[in-house]
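> build me a structure from this.
(one chain, ligands or ions: 1)
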Amino acid sequence: MTRSSTAITDVPSGLGFRIGIDVGGTWIKGAIISMSSGTPVGGVRQLRTPASGTVDAVADTLSRLIDELGSESLGHTDSAVGVAIPSVVQHGVALSAANMDDSWIGLDVQAYLRERLGRPVCVVNDADAAGMAETHYGVGKDKHGVVLVLTLGTGIGSALIVDGKLVPNFELGHLEIDGCKAESRASAIARENEGLSWMEYADRLQQYLSHVEFLFSPDLIILGGGISACSNEYLPHLSLRAPVIPASLENSAGVVGAALQATTS
Ligand code: BGC
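This next block holds a predicted model:
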């Protein structure tokens, strides 16, 4: 299944475009990103993540997605690709795999995808990508100091950005609260699975965010993930020292941030 708002062939040619891909447990999204505005040009396409979740099957899907995006229309068939994945990524090597097959773990995914896709590839953690997108183009733009971006989805992703510089692989979804992994209690999926009311969910978030704030004293907290579209349901119930604001790029943060990392790597 694919989705696009305008025809991909409408994409203008010229410099300043990169391909951004966001690999999730259910969907793999891709777009050609204008690096000057940080916006997807020609829409975001998505293909189902292969059920096996193996790196091999995902690489096939990425290849198809890139073909569908038709980057040739930009005049850059070798355009760098940024790929965001739900893994700790150190120098291109995946050290974990959330909702993916274990074949990712320990693999130099960056080198593997470069070989498979035949073009420059930069692989980054998905929350790091979203965080960089928000602080470069979104609500975190021009914010100085310590900015914490949390993505509330299947898990909890986190990105710490200090004066515009990313501290990679922060992994705050794995903090323990009351003997449980935080993301198993305060992610968007935990709310759905447990049928929590917004007020109950806000209590969970409050407990989690208070702990995070005590540990890291951020100057600003940005909450992203699909659930940021309903932020008026839970944000007013949160009370923290730092301002807490919803992310602005919504579902395109991952693809935009992935492309951004490809540009700067
Ligand atoms: C993973 C992170 C990822 C987050 C969001 C967590 O379970 O450990 O690496 O960023 O989910 O996908």
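> pLDDT weak spots in the stretch 51-200 of the chain?
Applying pLDDT under 70 to the stretch 51-200 of the chain flags residues 71-78.
> show the subsequent helix or strand relative to the longest helix seen in the chain.
As assigned by DSSP state H, the longest helix anywhere in the chain is helix 198-216. With elements assigned by DSSP states H and E, the helix or strand that comes after helix 198-216 is strand 220-224.
> identify the residues contacting that following strand?
130-131, 134, 138-140, 143, 145-152, 209, 212-213, 231, 235, 240, 242-247, 249-250, 253 (CB atoms under 8 Å, 6 or more residues apart in numbering). For every residue, glycine as well, the C-beta is placed using N, CA and C.
> just to revisit the earlier point, tell me what angle the longest helix of the chain forms with strand 220-224.
Orientation of helix 198-216 against strand 220-224 (axes from the mean of the first three to the mean of the last three CA atoms, to 10 degrees) gives an angle of 140 degrees.
> do helix 198-216 and the ligand meet at all?
No. Shown here: helix 198-216 not in contact with the ligand (CB under 6 Å from any ligand atom), separated by at least 13.8 Å.
> can you select the buried ones among the contacts of strand 220-224 for me in PyMOL?
Buried members of these, defined by 16 or more other CB atoms under 10 Å, are picked up in PyMOL with:
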select buried, resi 130+131+134+138+139+140+143+146+147+148+149+150+151+152+209+212+213+231+242+244+245+246+247+249+253
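> just the helices in the stretch 51-200 of the chain please.
In the stretch 51-200 of the chain, the segments counted as helices under DSSP state H, counting those that start in this stretch are 55-69, 109-117, 126-136, 182-186, 188-194, 198-216.
> how about the residues of this structure that lie near the ligand?
For the chain, the contact set with the ligand under CB under 6 Å from any ligand atom comprises 86-88, 96, 98, 125-127, 151, 155, 157, 171, 173, 183.
> and with 8 Å instead?
Residues of the chain lying close to the ligand (CB under 8 Å from any ligand atom) are 24-25, 86-88, 96, 98-99, 125-128, 151, 153-158, 169, 171, 173-174, 183.
> just the strands in the chain please.
Here the chain has its strands, by DSSP state E, at 17-23, 27-34, 39-48, 81-85, 89-90, 93-94, 121-125, 146-152, 156-162, 165-167, 176-177, 180-181, 220-224, 244-246.
> quick one: end-to-end distance for stretch 87-99.
Using CA to CA, to the nearest Å, one end of stretch 87-99 lies 9 Å from the other.
> and if you look at stretch 122-141?
23 Å.
> just stretch 31-38 next, same as before
From its first residue to its last, stretch 31-38 covers 11 Å (CA to CA).
> need the residues that contact that stretch.
By CB under 8 Å, 6+ apart, the list of residues contacting stretch 31-38 from outside reads 8, 11, 16-20, 39-45, 69, 71, 74, 79, 133, 136-138, 249, 252, 255-256, 259-260, 263.
> mean confidence for that stretch?
For stretch 31-38, mean pLDDT is 93.
> name the residues of it that come out as buried.
Residues Ala31, Ile32, Ile33, Ser34, Met35, Gly38 are the ones in stretch 31-38 that count as buried (16+ other CB under 10 Å).
> spatially nearest residue to Gly157, not counting backbone neighbours?
In space, and not counting its chain neighbours, Gly157 is closest to Ala127: 2.6 Å by CB to CB, 6 or more residues apart in numbering.
> thought that neighbour was touching Val149?
Yes. Assessed by CB atoms under 8 Å, Ala127 is found in contact with Val149 at 7.1 Å.
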